[in-house]
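Novice: What follows is a predicted structure for the sequence shown.
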Amino acid sequence: MSGHKKTPNAKPIINITIDEELLKQIEDFQFDNRFKNRSQAITHLIRKAINEESDSQESE
């Protein structure tokens, strides 16, 4: 068991703590890219970072 909460739609909910400046950058990114909510914007950014990291490890 991973310890995260489950919701009826089976997506886990996580809580993170970030500073105000990072939150502002995320919200600016959200609005600039027309994401419906912060969760979608953060998910997009995390996936992009993971993909870029995977790509850079494969090219080594």
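Specialist: Received, thanks.
Novice: tell me how far the lengthiest helix in the chain is from the chain's mean position?
Specialist: Counting residues, the longest helix in the chain under DSSP state H turns out to be helix 38-58. Its chain's C-alpha centre lies 8 Å from the corresponding centre of helix 38-58 when counted by CA atoms, centre = their mean, to the nearest Å.
Novice: Repeat that for stretch 35-46.
Specialist: 6 Å.
Novice: To what extent is residue 36 buried, counted in neighbours?
Specialist: Counted by other CB atoms under 10 Å, the residues lying close to residue 36 total 8. Yep, even glycine has a C-beta here, placed from its N, CA and C like the rest.
Novice: shaky segments in this protein?
Specialist: Scanning the chain for pLDDT under 70 picks out 1-8.
Novice: hang on, the earlier thing: would you mark the buried spots in the longest helix of the chain?
Specialist: 41-42, 45 (16 or more other CB atoms under 10 Å).
Novice: what helices or strands is that helix leaning on?
Specialist: helix 20-32 (3 or more CB pairs under 8 Å, 6 or more residues apart in numbering; DSSP states H and E).
Novice: quick one, the longest helix of the chain and helix 20-32 angle?
Specialist: 100 degrees (axes from the mean of the first three to the mean of the last three CA atoms, to 10 degrees).
Novice: Contacts for helix 38-58 next, please.
Specialist: For helix 38-58, contacts defined as CB atoms under 8 Å, 6 or more residues apart in numbering pick out 26-27, 29-30, 33, 35.
Novice: which among those end up buried?
Specialist: 26, 30, 35.
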